[in-house]
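Asker: One predicted model, sequence on top.
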Amino acid sequence: MSQADNLAPPPVETTPSFNMLRTLGLVATISGLLVVLSFRVTEPMIEQNKREAIERALFRLVPDAVSRRDFIASDNRIQPAGEGIDGEKLYAGYGQDGKLKGIALEAAAPGYQDVIRILYAYDPYCQCIRGFEVLKMAETPGIGDKIIKDPAFLMNFEALQARPNADGSGLEQAIVPVKHGTKTQPWQIDAISGATISSNAIARMLNDKSQLMSPLIQRNLALLENGA
Amino acid sequence: MAELPNRQEQVSLDTFLRGLWQENPVFVMLLGMCPVLAVTNSAINALAMGLASTFVLVASNSLISLLRNFIPKQVRIATYIIIIATFVTMVDYAIQAISLELYNALGAFIQLIVVNCMILGRAEAYASKQRLWPTIINGLGIGAGFTFALLCLGVVREILGAGELFGFALFGDSFQPWVVMILPPGGFFVLGAWLLIFAWFRQRREQAQARVEEQQQETVYER
């Protein structure tokens, strides 16, 4: 045997393409089965959790409510929620006597870190906002998260004016944030000093949503009142 | 086909305990730093992330170990990622089903377990070469070590940064929380402090071991 033969590299072990495809195909099939199975098993529980989270927030925001009914706002009108109807959701809360006590709506706007999502209560009789619950936020602990803890800030929402204008095209007065300690009007939000971006985000989302929804709710009040 | 090592590990207590101390993924190997720093702002988040990662680690490595003779090395990384992503998706749905609040608190970090190098590293270095039982035991040990490390950070950060532990207030109203501890810089401070403590302990142990060996050698020479 020559020296060149001794130095020749050992034969490379090759894997047939079929083996590689077979492995990837089998693993992808197992993966698909497990993912779809776990989705199907957990889907009703996740939906239930979402419903309960909305319900808990609604009953905290509208303390007199004992039952709720969902409505959808789309194409400039409100109708009872049902299969295949897409649009903005409204959660109406009714008291023991079956009377409408308040309406909860979802709103969102970008905060300091990420989008802040809230559920706020609208009282159609005083035409004002009666409070909000944060559904999701990632504001800085100790700074931006004061929007859910600061008592002075929460005082803004005892009766924040969101009255529709005469022609029903928006609000009579836009909801605006003002510098801490300078609030003089019921439609102003006294911002938190040091958490301006988060305070402004709350004001912006309430204003944007109310400009659209407050006039619509007032126009469809009879339907909402009879919903219980 | 993937190469099999010559030596298969026999299951012993050490197979489990290595992950807690000698091969602790956080304090020794410094793996998975992204969730370690990001979600340890409270003890409950740390515990949930630790348990979720442990489940993904044990389940994915078990499947990889079962299929180890069947996975060609040319497609092994793609195969491991599909398997890991499957179990991450399952754990993602499970956490949403258990608690939406917890799911929101953990944010995107549950999905990011897919790219946790601790899990892929174990698949490549251990599960692809060992039988099922050692893989499960070793995975549980590594997962317990990861959860322990996350809890070490989460407990300290929650106590100092919020004056609470698992959501229960520990101090009176007069306590002024050290907010920086639950912010990102706090994660680095606390991790640095724990790494220092671990390195100090390890050094002491090694020095003690070296002294014992030295004494033994001296005894042999005297004889």
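Answerer: Great, that's in hand. Computed from a predicted structure; not experimentally measured.
Asker: Do you know the pLDDT at the nearest residue to A:A159 once chain neighbours are set aside?
Answerer: Nearest non-adjacent residue to A:A159, counting by Cβ to Cβ, 6 or more residues apart in numbering or on different chains: A:C128, 4.4 Å away. (Each C-beta comes from the backbone N, C-alpha and C, glycine too.) Here the pLDDT value assigned to A:C128 is 94.
Asker: try A:A228
Answerer: 53.
Asker: ditto for B:P5
Answerer: In this prediction, B:P5 carries a pLDDT score of 48.
Asker: Please, where are all the helices along chain A?
Answerer: A:3-7, A:17-61, A:151-154, A:196-219, A:221-225 (DSSP state H).
Asker: which of those helices sits most buried?
Answerer: Highest mean neighbour count of the helices of chain A: helix A:196-219, a mean of 21 (counted as mean count of other Cβ atoms under 10 Å in any protein chain shown).
Asker: That one and chain B in contact?
Answerer: No - Helix A:196-219 lies apart from chain B when judged by Cβ under 8 Å from any Cβ of the partner chain; the minimum separation is 14.9 Å.
Asker: what about A:A174, how many residues close to it?
Answerer: Using other Cβ atoms under 10 Å in any protein chain shown, A:A174 is surrounded by 14 other residues.
Asker: wait, what's in contact with it?
Answerer: A:A174 makes contact with A:187, A:207, A:211 under the criterion Cβ atoms under 8 Å, 6 or more residues apart in numbering or on different chains.
Asker: per-residue confidence for the first one?
Answerer: When you say that, I think you mean A:W187. pLDDT, read off for A:W187, is 93.
Asker: contacting residues for it?
Answerer: A:160-162, A:171, A:173-176.
Asker: Most neighbours among these, please name it.
Answerer: A:A162 leads the contacts of A:W187 on contacts (other Cβ under 10 Å) with 30 neighbours.
Asker: Model confidence for that one, exactly?
Answerer: Looking at A:A162, its pLDDT stands at 93.
Asker: Which phi and psi values does it adopt?
Answerer: Dihedral angles of A:A162 (phi, psi; degrees, to the nearest 10) stand at phi -140, psi 60.
Asker: The longest strand anywhere in chain A: partners in the sheet, and parallel or antiparallel?
Answerer: Longest strand in chain A by number of residues (criterion: DSSP state E): strand A:100-110. In the sheet, strand A:100-110 lines up against strand A:88-94 (antiparallel), strand A:115-123 (antiparallel) (DSSP bridges).
Asker: Off-centre distance for the last one?
Answerer: Which is strand A:115-123. On the basis of Cα atoms, centre = their mean, to the nearest Å, strand A:115-123 sits 7 Å off its chain's mean C-alpha point.
Asker: That strand: which residues count as buried?
Answerer: A:116-123 (16 or more other Cβ atoms under 10 Å in any protein chain shown).
Asker: quick one: contacts for A:I148?
Answerer: Taking Cβ under 8 Å, 6+ apart, one finds A:134, A:154 in contact with A:I148.
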